Every structure is written in C-alpha cells, then in structure tokens.
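>>> The sequence and its predicted three-dimensional model are supplied below.
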Amino acid sequence: MEQSRDGVVAHGHPPQIARFQSLAQPAAPASLHADPYPGALAGLALVAAGVAAALATLPFAGLAAPIAGIALFALAGATVLARLGRFHPHPRFGVANGITLVRAGGAAVFAALALEPELLADDDAAWAALAGAGLLLALDGLDGIAARRQRLASAFGARFDMEVDALLILALAAVALGLGKAGPWILGLGLMRYGFVLAGLAVPALARPLPASTRRSAVCVLQVATLGLLLAPPLVPPLAAALAAAAFAALAGSFAVDVAWLLRRPR
C-alpha cells in the first residue's frame, strides 16, 4: 500500500519526511533533463484502451455507465499530467506509476459497474469481478517494490497511489450497495477519507502530515479485501453486512486514532 511505496499513509497525508502535505504545495525543482511525460502518455493511452475494451465487453443497458467510467479515468489521467512535472522529479514515469495507472483503470471499471450492479447478479460475472478486485489488490503491493527498485519514489507517486486506493474503495462499496450486500452506510467505507480531507479544510490541525503507520496500511488492505470478498455470490446478508460492519469499525477506529494524534500534537 502507500506506506510501503513512498512512506505515505493510507487515509491521511504524506509523512513529514516527504516534505509534502498535498499536491497543492510547492515541490523541489525537477532535473532540467527530466521528461517523464512520454512514459506517462504511453501508459495512459494503453490503460485507456484497456478500460474502453473492458467496458465494451460488458452488456450495459445504456451508455451512461461506460461513459462515466471512461470520463472518470480521463479525469484521473488529466490530473496525472497536470501534477507530474511539479511533483515527480525523475526522468522516467516509472513502472510503479504505471501499475497505479492500471489500478486506476480498474477502479474506473468498477465505478461503471456500480451504476449497473445487476450485471454482477450472474454468479460467473460476480466471481470474475472478485478475481479482478483481487488482482488490483495484489498490484497495490507491487508498485511499492517497483518504486524502491527503480529509485523513483516521489510525492506524486505517493499521492497518486493514495487517491487510487480511495477511489477503488468507494467504487467497490457502491457495487456492494447495489448488490444488496449491506445498507447505504457501506458507502462510508469510501467516503470517510474524503470527509477527513474536508475536515482538514475546516480544522487546519487535521491537514498536517501523519507519520507512516503499518496500522493504516493494514486497515486499507482490509477495506479492499473485504469489499472484494463481498462480490462472492455465497456472501449475502446478514454475513455480508457483518463483514462490512467489521471493516467499517476498523476504518473508523483508525481515523479516530489519527484525529486524536493530530489534535494533541503541538502546533
């Protein structure tokens, strides 16, 4: 997860050692010869083609869901290109960021499925979706390894990884809701981090960097793993709701620990 890749926290802000609280802050100047854009553009084109192909193979009832999925990935791609030059001071885009692009594409596909969850009512489709979620979770462990080996860790990669995790969790939670695995409260698994970010705008203390935490990374893995498992056809309420509630409690507890730490920390 984020911590293993660039020292980033799972639902807060990059730690002090990264010297970045958000992508809106100034970054150290990149090398004059650095040009990660060709790799980024190539990766975006390849993943966009894959997303379009995946959505084209799904029997959506209308165009709204696939268009939403493509638009979501396009927004992610535009954000990548807008932030890359300032916050990725390396001459290459890197395999790690390429892996995160793939995960962003997968999150976009699940977001489209969330608009027509009945496509996963078929057992074969549901098992295929579960396998896809498992693959995205596995890839999240590989990007950290790639970033360290290539020595291409950056504030950009850290934040990119974090935002893709948040998007994937929200998309999977929406799919679970559409499948009737739990009530609307399950969306809190995906919305809690965004609420934390908004709270930081109102309470500056909550926007300060958090130190790296194994707990945070483990809780993030738990969210994706639990929501992925909920795609399994045999898992139905009340068991499905109980598993989601356990994941919700773990996430809420993790946020509570971090909020308390930030509020106690001297300014």
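Yep, that arrived.
>>> what about the strands in the chain?
Using DSSP state E, no strands are assigned anywhere in the chain.
>>> Low-confidence stretches in it?
1-34, 267 (pLDDT under 70).
>>> switch to 90 and redo it
Scanning the chain for pLDDT under 90 picks out the ranges 1-37, 39-40, 82-94, 96, 140-162, 208-214, 216-217, 265-267.
>>> Spatially, and excluding backbone neighbours, which residue is closest to the residue nearest the centre of it.
Centroid-nearest residue in the chain: residue 165, 1.5 Å away (criterion: Cα atoms, centre = their mean). In this structure, residue 165 finds its nearest non-sequential neighbour in residue 220, 5.8 Å apart by Cβ to Cβ, 6 or more residues apart in numbering. C-betas here are computed from N, CA, C, even on glycine.
>>> how close does that neighbour sit to residue 119?
27 Å (Cβ to Cβ, to the nearest Å).
>>> who has more neighbours, these two?
Set residue 220 next to residue 119 and count neighbours by other Cβ atoms under 10 Å: residue 220 wins out with 26 against 19.
>>> Pull up the gap between the more buried one and residue 129, please.
From residue 220 to residue 129 the distance is 20 Å (Cβ to Cβ).
>>> repeat for residue 36
From residue 36 to residue 129 the distance is 32 Å (Cβ to Cβ).
>>> Could you do residue 191 as well?
As for residue 191, its distance to residue 129 is 21 Å (criterion: Cβ to Cβ).
>>> Compare the two and say which one has the larger neighbour count.
Between residue 191 and residue 129, counting by other Cβ under 10 Å, residue 129 is the more crowded of the two (22 against 15).
>>> Contacts only, for the more buried one.
The contact partners of residue 129, by Cβ atoms under 8 Å, 6 or more residues apart in numbering, come to 110, 113, 120, 175, 231.
>>> and with 10 Å instead?
Contacts for residue 129 (Cβ atoms under 10 Å, 6 or more residues apart in numbering) come out as 109-110, 113, 117, 119-120, 172, 175, 179, 228, 231-232.
>>> ok, of these, which come out buried?
Buried members of the contacts of residue 129, scored by 16 or more other Cβ atoms under 10 Å, are 109-110, 113, 117, 119-120, 172, 175, 179, 228, 231.
>>> isn't residue 216 right next to residue 254, touching?
Yes. Using Cβ atoms under 10 Å, residue 216 makes contact with residue 254 at a distance of 6.0 Å.
>>> Excluding covalently adjacent residues, which one is nearest to residue 125?
residue 119 is the one closest to residue 125 (Cβ to Cβ, 6+ apart), at 6.1 Å.
>>> From residue 132, how far off is the one you found?
Remark: distance between residue 119 and residue 132 (Cβ to Cβ) = 13 Å.
>>> Residue 239 now?
Distance from residue 239 to residue 132, by Cβ to Cβ: 22 Å.
>>> Compare neighbour counts for those two and give me the winner.
Taking other Cβ under 10 Å, residue 239 and residue 132 do not tie; residue 132 has more neighbours (17 against 12).
>>> Show the contacting residues for residue 103.
47, 135-137, 139-140, 142-143, 160-161, 164-165, 167-168.
>>> same thing but at 8 Å, please
136, 139-140, 143, 164, 168.
>>> Now residue 236: phi and psi?
phi -130, psi 160 (degrees, to the nearest 10).
>>> in the stretch 101-250 of the chain, which spans are helices?
123-150, 155-178, 188-202, 214-229, 239-264 (DSSP state H, counting those that start in this stretch).
>>> how far off helix 188-202 does the fourth one point, in degrees?
Right, helix 214-229. Comparing the axes of helix 214-229 and helix 188-202 via axes from the mean of the first three to the mean of the last three Cα atoms, to 10 degrees yields an angle of 140 degrees.
>>> swap in the last one?
For the pair helix 239-264 and helix 188-202, the angle between their directions (the same axes, to 10 degrees) equals 20 degrees.
>>> quick one: helix 239-264 to helix 155-178, angle?
Angle, helix 239-264 to helix 155-178, by the same axes, to 10 degrees: 140 degrees.
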